[in-house]
Each structure stands twice: as structure tokens, then as C-alpha cells.
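*Asks:* here's a sequence, model it:
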Amino acid sequence: MPKVPFQILPIIVIAQFCCTSLWFAGNAVMPELIQNFDLPVTAMGHLTSAVQLGFILGSLIFAFFTLSDRYSPSRLFFFSALAGALFNLGILWQDNNLISLIILRFLTGLALAGIYPVGMKIAADYYREGLGRSLGFLVGALVLGTAFPHLIKEVTGKIEFKWDYVILTTSLLSLLGGIFILLFIKDGPLIMRRTTPDFKLVSKIFRNRKFKSAAFAYFGHMWELYTFWAFIPVILILYREVHPSVHFSISFFSFLIIGAGALGCVIAGFISEKAGVKKTAGAALLLSGLCCLLSPFILIQNSEEILVMFLILWGIMVVADSPLFSTLVARNTDPESRGTALTIVNGIGFLITIFSIQIFSFISEFIDLYLLLPILALGPVFGLFHLLKTPRRI
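*Replies:* Down below sits the predicted model:
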């Protein structure tokens, strides 16, 4: 196999970062959306879940019709990035209400189904060796893209903040990311295309025991991940209310905590090459679960330094295993089914995030959020159970 050109991975990573900035664009300006469009406080949970639900339906469509295994992944990525940018811009319409915003965020999630898993498919078509490291960079780009709207809000707030700057910037980034892939990334040398759709493919790939174990471990990881990310601003706001002497920036620390996960993904990718993908993923999942359990004891401390250090550590561990699970899924799937496998696993994983986010949004109205956070540990426990019962070589 010929050596992969050096620029391939950086371009895919940059494009992934640009396009996934759409994901939490709404969350970064949620207070402004609630005020500008007279939305209820519960809108955060609804709008966040709308993106996830759109991503899930998109994933099911891609998987059912085996789109990323039948057509050029690069072209699918571009058209999805273009659509996502347009749907994201729709938030700026002055006559929006809760329903129209939910629809727009849903359609943005639908477009993201052609970006995140398809981006991983493109990388897997280029890299056989070092796939864990490559996907570490790729998921790290997703993490930074997810956190980036918070940074845009922080930076523009220092000048003359207008919430539409965040929406305009993320839409432009998505368009640029799609163009980068279309112009500079051809279909990889490892690609194997299907000529016809296989409507039974999803059930077939789940018969593979190693694939199933990796997928279920990923599902446990997803129970925790997006709920943690979605509630970081809420946690920080609540902490400031309980400790009035603290005066940190919600936007900046939200970016810092979520963005730290990018470092975790990259480091975990390198560690996995020596320690093994399964062991590294299991260690990250265990440490993340411990953070869930320890969180109430940390959050009651009147120390900004302890809080930020702990949340950054949690932000690193909560997503460090994500590219490793995707690596295990890709390794334990036939090449001609790899795109569908990655897409359906992502889709089911994000379905789990909807239940997790909605449950937490509902219960947090009655119970202190600090007391709820340990429930997130159920995900890592579930994931570790399935990871540890897998065959030794996975």
C-alpha cells in the first residue's frame, strides 16, 4: 500500500473541526435565544435534543441505504456541510419560535450525520495502521468544534457581543470545511464500495461478537458524554450562584473544559499504540466514571481552582475513549461495511444521549443538579461491563 500523503490527516481534521462547530452553536447562545425569542427555560433540553434526534435519523438513513459505502464519502461530506451551514443560518430569522428553532436544530443534526461518521469513514479509508491515533486527532477536532462556539461568544463579548456572530461564524466554518474535503481529499485507497443497498446489513454486523462488544461499550460512554457537555454551563452558573465570591467567565471555562477533551483524544490515541486500544479505552472509561461519582464532593468546595482543575480532568477523560471505540468498531467490520457500521453505532449512541439529556433536564427541576451527576456513572459501568467481557483480542 502506498504511503499516505502527510497533508491528508490535517485537512480531514481541520474540516471536521470546522463543520462540527455547528453542533453546540445553539447552546453557546442559549440565554440569548431564550430572551430574543421568548422561549421557556426548558428550551435548552429541547433544542439540544433536537440536534441529537436529527443526527440519529440521519444516521439511520445513511445506514439503512448504506450511503457512505456506496457513494463518494468526500462528496457526501461536502453536501452535508453545505446543508448544515444553511440550516444553522436559519436561526437568525427574526420570526423564529420554539417550534421553528427545534426544526432548524433538527435539520442541522440531520446534516451532521453526513459529517462526523463520514469523516471517520474517510480516515479509515486512508489509514490501516495507526487508525487509533488518526481517529484520536479526528475526534479531538470534533471536541474542539463542539467547544468553539463558547470561545466565539467569549471573544466577541470582549468587543461588542451580538449572538448572531456565533451563528454566522459557525455556518461559514462549516462551508469552508466542506470545501476543503471536496477540493483536497479524494476517496481513500482502502475504500471498498457496495453496488446495491443491503437492508439487512445492520443486523448482520451486530452478529459479530467483537463488534457488538465495542458498540455496547461506546453506548455506555455516550450516556455520560453529551449530558456532561450540555450541562457544563449550567454547572458553572449554579456554582457561581452558590459561591457569590467567584467571578469566572461561563463561556471561557465552558470552552476550556469541553475543549480539553481534544487533548485527551490525541493522547489516548498515542497511548493506545503501546498499551492497546481496548486497555486504553477501558482506563479512560473507568476514570471518567470515577469523576461522575466524585463530582458532588468537588462541586461543594468553595475553590475555583479545584473546580476548574477537576472539570478539566473530567473533560479530558469523558471523551478520550471515543476515538478508541470507533477504532474497535472499524477494525471489527468488513471494509465494505465500515461506513455503515460507524454511522449506525454513532446514531444509536446519540439516541442514548437524548434520553440522558432529557432525563437530566426534567429531574434537575426537582433535585439539585450536583446530586444527579453521579447517575452519569451508569454509562461507564455499562460500557466497562461489555468491554471486559469481550474476547481478549479485540
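*Asks:* the stretch 1-150 of the chain: helices as residue ranges?
*Replies:* 8-20, 25-28, 30-36, 43-64, 67-70, 73-89, 98-112, 116-124, 131-159 (DSSP state H, counting those that start in this stretch).
*Asks:* tell me what the longest one is packed against?
*Replies:* The criterion is 3 or more C-beta pairs under 8 Å, 6 or more residues apart in numbering; DSSP states H and E, and the helices and strands that helix 131-159 contacts are helix 8-20, helix 25-28, helix 116-124, helix 164-184, helix 250-275, helix 322-331. Every C-beta, even on glycine, is put in place using the N, C-alpha and C of the backbone.
*Asks:* need these in CSV with distance to residue 312, can you?
*Replies:* Shown next, in CSV, are the helices and strands packed on helix 131-159 (distance: least, C-beta to C-beta, whole Å):
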stretch, distance to residue 312
helix 8-20, 20
helix 25-28, 19
helix 116-124, 24
helix 164-184, 23
helix 250-275, 5
helix 322-331, 17
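*Asks:* export those to CSV and tack on distance to residue 296 and mean pLDDT?
*Replies:* Listed next are the helices and strands packed on helix 131-159 as CSV, based on distance: least, C-beta to C-beta, whole Å; pLDDT from 0 to 100:
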stretch, distance to residue 296, mean pLDDT
helix 8-20, 31, 93
helix 25-28, 24, 85
helix 116-124, 32, 85
helix 164-184, 32, 94
helix 250-275, 17, 91
helix 322-331, 25, 89
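*Asks:* residue 71: which of those helices is closest?
*Replies:* Relative to residue 71, the nearest member of the helices and strands packed on helix 131-159 by C-beta to C-beta is helix 116-124, separated by 10.0 Å.
*Asks:* hey, C-alpha coordinates of the closest one in PDB?
*Replies:* What follows is helix 116-124, C-alpha atoms only, in PDB (Å, rounded to 0.1, in the frame of the first residue of the first chain):
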ATOM      1  CA  TYR A 116     -18.900  13.200  11.800                       C
ATOM      2  CA  PRO A 117     -19.200   9.500  10.900                       C
ATOM      3  CA  VAL A 118     -18.500  10.100   7.300                       C
ATOM      4  CA  GLY A 119     -15.300  11.900   8.300                       C
ATOM      5  CA  MET A 120     -14.200   8.900  10.300                       C
ATOM      6  CA  LYS A 121     -15.100   6.700   7.300                       C
ATOM      7  CA  ILE A 122     -12.800   8.900   5.100                       C
ATOM      8  CA  ALA A 123      -9.900   8.500   7.600                       C
ATOM      9  CA  ALA A 124     -10.500   4.700   7.900                       C
END
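*Asks:* any idea which of the helices of the stretch 1-150 of the chain is most buried?
*Replies:* Comparing those by mean neighbour count (mean count of other C-beta atoms under 10 Å), helix 116-124 comes out on top with a mean of 28.
*Asks:* right, so of the helices of the stretch 1-150 of the chain, which gets closest to residue 384?
*Replies:* The nearest among those, by C-beta to C-beta, is helix 131-159 at 18.7 Å.
*Asks:* any idea of the angle that closest one forms with helix 164-184?
*Replies:* 150 degrees (axes from the mean of the first three to the mean of the last three C-alpha atoms, to 10 degrees).
*Asks:* was I right about residue 217 contacting residue 387?
*Replies:* Yes - the criterion here is C-beta atoms under 8 Å, and residue 217 meets it with residue 387 at 4.1 Å.
*Asks:* what comes up buried for the worst-scoring helix or strand of the chain on mean pLDDT?
*Replies:* Among the helical and strand segments of the chain, the one scoring lowest on mean pLDDT, DSSP states H and E is helix 201-205, with a mean of 75. The neighbour-count check on helix 201-205 (16 or more other C-beta atoms under 10 Å) flags 201-202, 205 as buried.
*Asks:* just send those residues back as TSV, with distance to residue 243 too.
*Replies:* Listed next are these as TSV, based on distance: C-beta to C-beta, whole Å:
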residue	distance to residue 243
201	52
202	49
205	49
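*Asks:* of the residues you listed, which is the nearest to residue 339?
*Replies:* Nearest member of the buried residues of helix 201-205 to residue 339, counting by C-beta to C-beta, is residue 201, at 10.4 Å.
*Asks:* please name the nearest non-neighbouring residue to that closest one.
*Replies:* Closest residue in space to residue 201, ignoring its immediate chain neighbours: residue 340 at 5.6 Å, by C-beta to C-beta, 6 or more residues apart in numbering.
*Asks:* contacts only, for that neighbour.
*Replies:* Counting by C-beta atoms under 8 Å, 6 or more residues apart in numbering, residue 340 touches 62-63, 66, 68-69, 201-202, 205.
*Asks:* show the contacting residues for residue 304.
*Replies:* 243, 246, 248.
*Asks:* kindly recompute the last result at 6 Å.
*Replies:* For residue 304, the contact set (C-beta atoms under 6 Å, 6 or more residues apart in numbering) comprises residue 246.
*Asks:* measure it to residue 265 for me?
*Replies:* Separation of residue 304 from residue 265 (C-beta to C-beta, to the nearest Å) stands at 26 Å.
*Asks:* re earlier: for residue 149, which of the helices and strands packed on helix 131-159 is the nearest?
*Replies:* The nearest among the helices and strands packed on helix 131-159, by C-beta to C-beta, is helix 25-28 at 3.4 Å.
*Asks:* who's sitting farthest from the centroid in this structure?
*Replies:* residue 245 (33.2 Å; C-alpha atoms, centre = their mean).
*Asks:* give me the phi and psi for that one.
*Replies:* phi -70, psi -10 (degrees, to the nearest 10).
*Asks:* ditto for residue 127
*Replies:* phi -120, psi 120.
*Asks:* quick check: closest non-adjacent residue to it.
*Replies:* Distances taken as C-beta to C-beta, 6+ apart place residue 134 nearest to residue 127, at 4.5 Å, with adjacent residues excluded.
*Asks:* many thanks, have a good one.
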